[in-house]
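Engineer: Okay, sequence plus prediction incoming.
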Amino acid sequence: MNNVARKPNANEESAFGRFIENIKAAPRRFAETMFRSGKPHSDRTRSTFVFGNVFLHLHPVRTHRWSLRWSTTWGLGIAAASCFFVLLATGVLLMFYYKPYPDVAYLSIKDIHFVVPTGRFMRNIHRWSGNMMVVIVLLHMARVFYTAAYRAPREFNWVMGMGLLALTLGLSFTGYLLPWDQLAYWAITIGANIAQSPREVTDALGMTQWFDVGGLQKLILLGSEDVGEEALIRFYLFHVMILPLAMVLLMAVHFWRIR
């Protein structure tokens, strides 16, 4: 018995037609959401739209044609911000399975690698995004410096950028201890000893008993003289709460003052 193909009825054809029309109208509707009262035609209305839209705020109302070229900024700022948001997303997923206790921290990393579905992939994305963010932020700072984009009236934004660089390095450093393996242990031990190195100067000046800045820095990092449970808890708290919140705050100010 031959199978006869069923012809679509009028309702199915109209539904499919509406779907195609909605796809075609998507760019126009997106533009309407950007300009809800019509496109601006004066400097005042352009300024109003820029101040009320975070995407339009990234560029001034008036700009030189050459400044819109890709080679002007290489998109390094947006790339660094994208890496940070990828780190946030993958970090939240890893927090569901990571246990910040010395007895089980390393085992939880092994579980993420070999037991949790796509856990190894998520951790690798998190690690490589962190490495890429450090490199991109350094390149971004170099681009701003060598193009003299830090000069007036952008001095304040340059200071914010320096703060973001410090936070980026801090996030990378604090995340290094969390796997709780030999590489992490000795890397943090070396970092803590570097933080304690000003004690050599205070010892030479005979000031250590009154002003031990090196010992204070090491105590803030580790919570004790050696890398242990206190250090792991502190690094975890800095990595997942304090530094990310500070990063979001400075990024918001940095983007607002981007001009």
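Structural biologist: Thanks, I have it. Quick caveat: nothing in here was measured; it's all calculated off a predicted structure.
Engineer: From now on I want contacts and neighbour counts done on CA atoms only, so please keep to that.
Structural biologist: Will do.
Engineer: by contact count, what packs against the lengthiest helix in the chain?
Structural biologist: For the chain, the longest helix by residue count, based on DSSP state H, is helix 119-146. With contacts taken as 3 or more C-alpha pairs under 8 Å, 6 or more residues apart in numbering; DSSP states H and E, helix 119-146 sits against helix 76-95, helix 105-114, helix 155-177.
Engineer: in the second one, what counts as buried?
Structural biologist: The neighbour-count check on helix 105-114 (16 or more other C-alpha atoms under 10 Å) flags 105, 106, 107, 108, 109, 110, 111, 112, 113 as buried.
Engineer: Likewise for the first one?
Structural biologist: Neighbour counts over helix 76-95 (16+ other C-alpha under 10 Å) mark 76, 80, 81, 83, 84, 87, 90, 91, 94 as buried.
Engineer: what's the offset of it from the middle of its chain?
Structural biologist: 5 Å (C-alpha atoms, centre = their mean, to the nearest Å).
Engineer: now stretch 230-247
Structural biologist: 14 Å.
Engineer: Stretch 182-190 now?
Structural biologist: Counting by C-alpha atoms, centre = their mean, stretch 182-190 comes out at 24 Å from the chain centroid.
Engineer: per-residue confidence averaged over that stretch?
Structural biologist: Average pLDDT, stretch 182-190: 92.
Engineer: With adjacent residues omitted, what lies nearest to residue 158?
Structural biologist: Excluding its sequence neighbours, the residue lying closest to residue 158 (C-alpha to C-alpha, 6 or more residues apart in numbering) is residue 150, at 5.5 Å.
Engineer: List phi and psi for the one you found.
Structural biologist: Phi and psi for residue 150, reported as degrees, to the nearest 10, are phi -90, psi -10.
Engineer: To what extent is it buried, counted in neighbours?
Structural biologist: A count of nearby residues for residue 150, using other C-alpha atoms under 10 Å, gives 18.
Engineer: That one contacts residue 162, doesn't it?
Structural biologist: No. Judged on C-alpha atoms under 8 Å, residue 150 makes no contact with residue 162 at a distance of 10.9 Å.
Engineer: Past the worst-scoring helix or strand of the chain on mean pLDDT, which element shows up next along the chain?
Structural biologist: Taking mean pLDDT, DSSP states H and E as the measure, the chain has helix 43-52 as its least confident helix or strand, at a mean of 69. Once the chain leaves helix 43-52, the next helix or strand it forms, by DSSP states H and E, is helix 70-73.
Engineer: quick one: average pLDDT of that next one?
Structural biologist: Throughout helix 70-73, pLDDT has a mean value of 75.
Engineer: what's near enough to touch the residue nearest to the spatial centre of the chain?
Structural biologist: Computing the C-alpha centroid of the chain and ranking residues by C-alpha atoms, centre = their mean puts residue 84 first, at 1.7 Å. Residue 84 is in contact with 129, 130, 133, counting by C-alpha atoms under 8 Å, 6 or more residues apart in numbering.
Engineer: Report the contact partners of the last one.
Structural biologist: Read that as residue 133. Counting by C-alpha under 8 Å, 6+ apart, residue 133 has contacts 79, 80, 83, 84, 168.
Engineer: Same list, these, but as CSV with distance to residue 234 and pLDDT please.
Structural biologist: Below are the contacts of residue 133 laid out as CSV (distance: C-alpha to C-alpha, whole Å; pLDDT from 0 to 100):
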residue, distance to residue 234, pLDDT
79, 29, 95
80, 26, 96
83, 24, 97
84, 21, 97
168, 17, 97
